[in-house]
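Trainee: Let's see this in three dimensions:
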Amino acid sequence: MILKKNDIIELEITDVNNLGAGVGRTDDGIVVFVNGAVTGDVVEAKIIKVTSSFLVGRLENIVTRSSHRANGDGLRSEVCKAPNSCGGCIYRNIKYEHELCLKRDYVKNAFRKAGLPEVVVSDTAHTNRVTGYRNKAQYPVREVAGRVRAGFFATKTHDLIPCESCLLQPAIFGEIVSFITDFAEKNRIKAYDEITGKGILRHIYLRVAEKTGQIMVCLVINADKLDIAAVFAKQVMEHFPAVTSVMLNVNKKNTNVILGDRFICIGGKDHIVDELCGLKFKISAESFYQVNRDGAELLYGLAKYRAALCGKETVADLYCGAGTIGLSMADRAARIVGVEIVDEAVECAKENARLNCVENAHFFCGDVSDTRGLLASAKDELGDFCPDVVLIDPPRKGTTRELVDYLDSLGVPKIVYVSCNPDTLARDCAWFAAAGYEIGEVSPVDMFPGTGHVESVVSLTRGGADYNI
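Mentor: Model (predicted):
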């Protein structure tokens, strides 16, 4: 039977992908993706898109309800005020225990596709905290029906969904956003219009240090200054005593990039301080910091366990950022050598080492893609050395074949790989396996409940099996 647009079919859902779409097959074996459908559902779906290799359906009716469908647990026990078009919580219809299984399956399938089906993937580790875990939020601001409103963009659009609160973020974020939009209206601060390029207030950017409770408020503005900046800073700090840092960010470019290059402190300090893995970290507006603090402690703890340090090792922390993961291992290593391409992050890592009186951690600017010069600055200062353990925590695109070959040429005995993308992790592990490294058990970590993202940790040791990749 040839299906066409607007046809309605009954479909058994056998899986959910990492974009949140239920997956089923027609009698002819054609794959159909249905948003909002859950593994085990039998649904009626209206065909809204036809391609040569798959169909897309819109959920019309649930004929048989799956046992995996959410029925009031965790995130799903509270009422999310955002409509489905928000697209943030793609697993909002699924029980959390099944979400954890889906994330493990995502990692397993990535390794299978990379030609490594025998790799062992453990159950997905988690903190069991599924709401309020995000310590960072960026709200676009627009004019809606003549009012200054903040919220979220609908999936794949720049259409604003006015919504100050989000179950993934602390409740106080919603209160602060409401205060700011009210302040903007009372003081005639126009919302930004990305079509005309006019208006002042583009985004509201918030960060919280969960352990200390300190909050940073940053207004992203389409101007060089805000005339009533001092008034705003005073009022927001008086209304919310937890706010200890008030910043402006200047972004006058016609771009989708949220932040510009210039930050101005207009109240309190230019940073907040949090505690992670028993250490203190200064968090500036521009610095990277894991958005799920409790999840980060779990992730870094697993990485430290996999490193199995005994106090004598030199550990090279590549893609080190502000040094958080390397510093968390400094108490078990002889020396930490961090390398990062961003100068500001290197300086931040050095400051974090000083803040915690860590004297065996050294941080240098270097490009991981430049393997010849990667450790040059470190060796100039520290003398020649070869790392005993290498930590890599690359961006979503993963690492490079050149780096894998370089680490192999050094004879590095152990690599601990922290990944935010199962597909590039599996690809890179295949490269390491081809170089003779044995792939240990992969541990998925749910840092972002409700979403399709999953982090992973794996150790690779020399002398392992040859996977013939």
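
Trainee: Run through who's touching stretch 24-33.
Mentor: For stretch 24-33, contacts defined as C-beta atoms under 8 Å, 6 or more residues apart in numbering pick out 1, 3, 9, 11-14, 17, 21-23, 34, 37, 43, 45, 47, 53-57. No exception for glycine: its C-beta is placed from N, CA and C like everyone else's.

Trainee: could you pull out the helices for the stretch 1-150 of the chain?
Mentor: In order along the chain, the stretch 1-150 of the chain carries the following helices (DSSP state H, counting those that start in this stretch): 96-113.

Trainee: Walking through it, point out its strands one by one.
Mentor: 8-16, 21-25, 31-35, 42-50, 54-64, 136-144, 147-153 (DSSP state E, counting those that start in this stretch).

Trainee: Okay, now the sheet partners of the least confident helix or strand in the chain by mean pLDDT, with direction.
Mentor: Taking mean pLDDT, DSSP states H and E as the measure, the chain has strand 160-162 as its least confident helix or strand, at a mean of 84. Using DSSP bridges, the strands paired with strand 160-162 are strand 147-153 (antiparallel).

Trainee: what's the angle between the partner strand and strand 136-144?
Mentor: Angle, strand 147-153 to strand 136-144, by axes from the mean of the first three to the mean of the last three C-alpha atoms, to 10 degrees: 130 degrees.

Trainee: list the buried ones in strand 147-153?
Mentor: By neighbour count on 16 or more other C-beta atoms under 10 Å, the buried set for strand 147-153 is 148-153.

Trainee: Stretch 201-220 now?
Mentor: Buried residues in stretch 201-220 (16+ other C-beta under 10 Å): 201-210, 214-220.

Trainee: quick one on the thing from earlier: would you turn the strands of the stretch 1-150 of the chain into TSV with distance to Gly383?
Mentor: Below are the strands of the stretch 1-150 of the chain laid out as TSV (distance: least, C-beta to C-beta, whole Å):
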stretch	distance to Gly383
strand 8-16	53
strand 21-25	54
strand 31-35	56
strand 42-50	61
strand 54-64	57
strand 136-144	39
strand 147-153	51
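
Trainee: Arg149 touches Ile161, doesn't it?
Mentor: No - Arg149 lies out of contact with Ile161 (C-beta atoms under 8 Å); the separation is 9.3 Å.

Trainee: Tell me, how many residues neighbour Asn35?
Mentor: Neighbours of Asn35 under the rule other C-beta atoms under 10 Å: 20.

Trainee: you'd agree Lys211 is in a helix?
Mentor: No - per DSSP: H, G, I helix; E, B strand; the rest coil, Lys211 lies outside any helix segment and is coil.

Trainee: Quick check, it in contact with Glu275.
Mentor: Yes - the pair Lys211 / Glu275 is scored as a contact, 3.9 Å apart, by C-beta under 8 Å.

Trainee: Next SSE downstream of the strand or helix carrying Asp408?
Mentor: In the assignment (DSSP states H and E), Asp408 maps to helix 401-410. The helix or strand immediately downstream of helix 401-410 is strand 414-419, counting by DSSP H and E.

Trainee: what sits up against that next one?
Mentor: 299, 303, 306-308, 325, 388-394, 398, 407, 425, 428-429, 432, 437, 455-462.

Trainee: Now, those residues that are in strands?
Mentor: 389-392, 437, 455-462 (DSSP state E).

Trainee: Name only those of the contacts of stretch 24-33 that count as buried.
Mentor: Taking 16+ other C-beta under 10 Å as the criterion, what is buried in these is 3, 9, 11-13, 21-23, 34, 37, 43, 45, 47, 55-57.

Trainee: Need the worst-confidence member of these.
Mentor: When the buried ones among the contacts of stretch 24-33 are compared by pLDDT, Leu3 scores lowest at 87.

Trainee: Under the pLDDT cut-off, which ranges of this structure? List them.
Mentor: 1, 72-85, 87, 464-469 (pLDDT under 70).

Trainee: so what's the nearest residue to Asp7 once chain neighbours are set aside bridging to?
Mentor: Leaving aside its sequence neighbours, Asp7 sits nearest to Ile47 (C-beta to C-beta, 6 or more residues apart in numbering; 4.8 Å). Using DSSP bridges, the bridge partners assigned to Ile47 are Gly57.

Trainee: Tell me who's in contact with Ile47.
Mentor: Neighbouring residues of Ile47 by C-beta under 8 Å, 6+ apart: 3-9, 32, 55-57.

Trainee: rerun that using 6 Å as the cut-off
Mentor: Contacts for Ile47 (C-beta atoms under 6 Å, 6 or more residues apart in numbering) come out as 3, 5, 7, 55, 57.

Trainee: Off-centre distance for the least confident helix or strand of the chain?
Mentor: Relative to its chain's centre, strand 160-162 lies at 22 Å (C-alpha atoms, centre = their mean, to the nearest Å).

Trainee: Could you list the residues in contact with that strand?
Mentor: Contacts for strand 160-162 (C-beta under 6 Å, 6+ apart): 86, 142, 144, 149, 151-152, 154.

Trainee: Now do whichever helix or strand comes after it against strand 136-144, angle only.
Mentor: Using DSSP H and E, the next helix or strand after strand 160-162 towards the C-terminus is helix 171-186. Orientation note: helix 171-186 sits at an angle of 30 degrees relative to strand 136-144 (the same axes, to 10 degrees).
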